[in-house]
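K.L.:
sequence isn't available, so here's the structure alone:
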C-alpha cells in the first residue's frame, strides 16, 4: 500500500449552508476514502443515531442531501460536533495537522504542500469562508490557484480538488 493510501484525512464542514454541498462532500469523501466528516456550526447533516433535531427538519435535510450524496449519506462516517474549537483541540491532540482551505495571502498553494500522516481539512461557509478566529487555529492555510476571472469555487468542488491533492501527494 502506498503512503498516500495510509494517510488519515478528516474533513470539518463548518457553517455550510447548502444541503447539496454537504451531500456532495459526503460523496466526494467516500471516493477519496476519508476517515470522517465532522459537521459543526449550522451545517446541515443527515440523520444519525441519537439525533435530537426536529424530525421534520431532520428528514427533509436527509432527503435533500441524499440526492447529491448518492448513498454516501449512509456509508460515509459522519459526526455532528457542537463545539468546533473543542473538536480542533481534540484533533490536534490526536496529532492531526489542521489545514484550512481558504483564499488567503498567507495560504500555501495546495499542489506545493506535502501533508503529514494525519490531516484535518477545514471548509468554511459558502459566502465568507473560514472565519478569522478559525484561521488562527489552523496549522496551515491551503489555497487552490485560480487562473480565470472567478476568484472562488463552490465549496464542494474546492473540497474535491483539495481531497485529491491531499490523498495523492
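P.N.:
Alright, I've got the coordinates. Being a predicted model, the structure only gives us computed values, none of them experimental.

K.L.:
the regular element (helix or strand) spanning residue 13 packs against which elements?
P.N.:
Using DSSP states H and E, residue 13 sits in strand 8-14. Counting contacts by 3 or more C-beta pairs under 8 Å, 6 or more residues apart in numbering; DSSP states H and E, strand 8-14 is packed against helix 19-31, strand 36-40, helix 84-93, strand 118-123, helix 155-168. Using the backbone N, CA and C atoms, a C-beta is placed for each residue, glycine as well.

K.L.:
now the element after the third one, going C-ward?
P.N.:
Using DSSP H and E, the helix or strand that directly follows helix 84-93 along the chain is strand 97-101.

K.L.:
check the second one too.
P.N.:
Per DSSP H and E, the first helix or strand lying C-terminal to strand 36-40 is helix 55-69.

K.L.:
got the buried residues for that next one?
P.N.:
In terms of neighbour count (16 or more other C-beta atoms under 10 Å), helix 55-69 has its buried residues at 58, 61, 62, 64, 65, 66, 68, 69.

K.L.:
how far away is the third one from residue 123?
P.N.:
Summarising the geometry, the distance separating residue 62 from residue 123, computed by C-beta to C-beta, to the nearest Å, is 20 Å.

K.L.:
same thing with the fifth one?
P.N.:
The gap separating residue 65 from residue 123 is 16 Å, by C-beta to C-beta.

K.L.:
so where is the protein shaky, pLDDT-wise?
P.N.:
1-5 (pLDDT under 70).

K.L.:
now with 50, please.
P.N.:
Applying pLDDT under 50 to the chain flags the ranges 1.

K.L.:
surely residue 124 touches residue 100?
P.N.:
Yes: with contact defined as C-beta atoms under 8 Å, residue 124 counts as touching residue 100 (7.4 Å).

K.L.:
mutual contacts of these two, please.
P.N.:
Common contacts of residue 124 and residue 100 (C-beta atoms under 8 Å, 6 or more residues apart in numbering): 130, 134.
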